[in-house]
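Chemist: okay, sequence plus prediction incoming.
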Amino acid sequence: MSEFLITDDSIKNTLDSDKRLTNADFSKIKSRADLEAVFQERGRDYSKALFNIEYERQLEQLQIELVKWQRWIADTQQRVAIIFEGRDAAGKGGSIKRFIEHMNPRSLRVVALNKPTDLEKKQWYFRRYIKELPNAGEIVFFDRSWYNRAVVEPVMGFCSEEQYQQFMRQVPEFEHMLFEDGVHVIKLWFSINKEEQSRRFDDRRSNPLKQWKLSPVDEKGQEMWERYTYYKEQMFAHTHTTFSPWTIIKTNKKKIARLESIRHVLSKFEYDGKENANTTVLPDPNVVMRFHRSIYHLV
């Protein structure tokens, strides 16, 4: 008579197989309620699946609003510059990608400048950014901006103390001129904590599709965390103005940050059809806040 060895692993595998969704289960799913019922029947945690479904639904509705907003910007010949700043791996590029995914590429640009050339180093610092400013009816997304000189450059020793101080004196005047000329400048700081940044760096190292995102400068971000914090706080203190304020986006949960950053931008304009939006276009104040509200919670 043969004997069957029952182990903890065999019990676990049996239980796991009972929880697996079958083709028959999937054939039952016609709605969100059906999905919840199937997962409950199988004893599976479906909270993440429901979150992702809701995220995709809200993102689609917000992207519809972005298309309407962009059309209004073009029709009214507005000029919009959106600045995405923050520590490395804070989610700036991923958010920009969701902003522009369904927008008309003919009236938008994404600007992510390389380090300045030898010629540009001898020019007025703002010159290479001025030529990237939006034309009438255009939206420009700056994946990092002139604020490199406020944080990254002094931290890494890429500029002198004199250059840094001159920038800090000039940037409010520069932005005030843009304001007076009718350019909408929206400044977003994507705020991430040290532990989440470290986790995202590890993810980049292990993912061959993301390894290009890592650089020696990024690697030093963890080592020089406090130095980054010092210069970031100096930047806010000197460049947060009534005409060009900083808005903080909490980005430890990057999908929520994407939705709320889109909502914040949409909330700044009274574009045609806004009143018919199928989702809220007002940002969550627990995720999106002005600098003065978040002064004791910034990372």
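Modeler: Right, received. Where do you want to start?
Chemist: rest of the way, CA atoms for contacts and neighbours
Modeler: Will do.
Chemist: which residues in the stretch 101-250 of the chain form strands?
Modeler: Listed in chain order, the strands of the stretch 101-250 of the chain (DSSP state E, counting those that start in this stretch) span residues 108-111, 138-143, 183-191, 246-250.
Chemist: what packs against the first one?
Modeler: Meaning strand 108-111. With contacts taken as 3 or more CA pairs under 8 Å, 6 or more residues apart in numbering; DSSP states H and E, strand 108-111 sits against strand 138-143.
Chemist: hmm, who's touching the strand it packs on?
Modeler: Strand 138-143 has contacts (CA atoms under 8 Å, 6 or more residues apart in numbering) with 70, 73-74, 77-85, 92-93, 96, 107-112, 132-134.
Chemist: go again using 10 Å as the cut-off
Modeler: Here strand 138-143 makes contact (CA atoms under 10 Å, 6 or more residues apart in numbering) with 70-71, 73-74, 77-86, 92-93, 95-96, 99-100, 105-113, 129, 132-134, 184-187.
Chemist: tell me the contacts of the nearest residue to Phe201 once chain neighbours are set aside?
Modeler: Counting by CA to CA, 6 or more residues apart in numbering, Phe201 lies nearest to Ala89, which is 7.1 Å off, once chain neighbours are set aside. Ala89 sits next to 190-192, 196-201, 204, 213-214, 218, 221, 251 when contact means CA under 10 Å, 6+ apart.
Chemist: separation between Ala89 and Arg32?
Modeler: 33 Å (CA to CA, to the nearest Å).
Chemist: same question, Leu188
Modeler: Taking CA to CA, one finds Leu188 at 34 Å from Arg32.
Chemist: higher neighbour count, those two?
Modeler: A count of neighbours by other CA atoms under 10 Å puts Leu188 above the other of Leu188 and Arg32, at 24 against 11.
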